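1. turn this into a model:
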Amino acid sequence: TNELHGSLFEFLRNTNLDARPFFAGHRSVFKRNQFGGTVGGPIVKNTVFVFLGYQGTKVRGNPSDQTYTTLTEAERRGDFSASVNKPTHPVTGEPFVGDALPREMMDPAALNFIQTYLPLPNSGTNLYRFTPISKLDQNQGIVRMDYSITDKDRLSFRYFINDVPQTSGGSIAQDWVSELPTRFQNSTLTYTRIFTPNIINDFRFSYIR
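-> All right, here's what the predicted structure looks like:
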C-alpha cells in the first residue's frame, strides 16, 4: 500500500517452560527461539513498492530423550546366561556351554567397537537413555518489489532464501554427530501485461538453487 506497515513476533520454548515427558525421569535441556518481522511500503507512491520479511530460528538440545537396547556388562564378556536371547554356534546351531561365548570366537575388532562406542545401560538392565545432540541456526529472508509501470503494465521481483546450518546426532560419541548444512534460494521475475479486458499475459522467469 501507500502506507508503511510492519510486524514483529517472538516464540519461545525452554526447559523451564516445558513439561516433563510422561515416561521420562527428568526434563531434557531444550531451548527454541523463533523470531522475526516484516515491513512493507512505498518507495515511490502509487508506483514502486517493497516488502521485506525475516525469520530466525535457534534450537539447542532436544525436547525428549531417546532409548535403545544395549549390551549388559555380562553380555560384553560373552556371558548370556541371564539373557533372554541365547547365542548358538554359527556352524552346528547348538547352544554354548553355560550360554557363554568362548573367548577365541570373539572378534577383536568387535570387542574394540563395543568398548569404545557401545555404552553401558543407564536405565534398567539393558537400556541406554540419552538426549540427542541437536543444534539449529535457521535464517529465512524474503524481499519483494512491485513496479506499476502503467495502468496496464506491472513488473514484480521476489527473492527468498532459507539458510539452515544444523547439527544432529547422538550423545554417545562425538563421531556420531553429523553436520547437515542446507541452503535453498528461489527468485522469480514476473511481468504482467493487460492487452484488453479479456486478454492478460503473465510472464514468469524463476531460478531455484
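2. partners of the helix or strand hosting Y54 in the sheet?
-> Assessed by DSSP states H and E, Y54 sits inside strand 48-61. Strand 48-61 pairs in its sheet with strand 30-44 (antiparallel), strand 133-148 (antiparallel), by DSSP bridges.
3. out of these, which is closest to S81?
-> The closest of the strands paired with strand 48-61 to S81 is strand 133-148. By C-beta to C-beta, the value is 35.9 Å. To be clear about C-beta, it is placed using only N, CA and C from the backbone, and glycine gets the same treatment.
4. convert the C-alpha atoms of the closest one to CSV, please.
-> Output of strand 133-148 as CSV, limited to C-alpha atoms (Å, rounded to 0.1, in the frame of the first residue of the first chain):
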residue,chain,number,x,y,z
ILE,A,133,22.8,-33.6,20.3
SER,A,134,20.9,-31.0,18.3
LYS,A,135,21.8,-27.5,17.1
LEU,A,136,19.9,-25.4,14.6
ASP,A,137,20.5,-21.9,13.4
GLN,A,138,18.0,-21.1,10.6
ASN,A,139,17.7,-17.8,8.8
GLN,A,140,14.9,-17.2,6.3
GLY,A,141,14.5,-13.9,4.3
ILE,A,142,12.3,-12.7,1.6
VAL,A,143,12.2,-9.5,-0.4
ARG,A,144,9.6,-8.4,-3.0
MET,A,145,9.4,-5.4,-5.2
ASP,A,146,6.5,-4.3,-7.3
TYR,A,147,6.7,-1.7,-10.1
SER,A,148,3.5,-0.4,-11.7
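5. and the helix or strand just after the strand holding Y54, average pLDDT?
-> Next helix or strand after strand 48-61 toward the C-terminus (DSSP H and E): strand 66-69. Here strand 66-69 scores 80 as its mean pLDDT.
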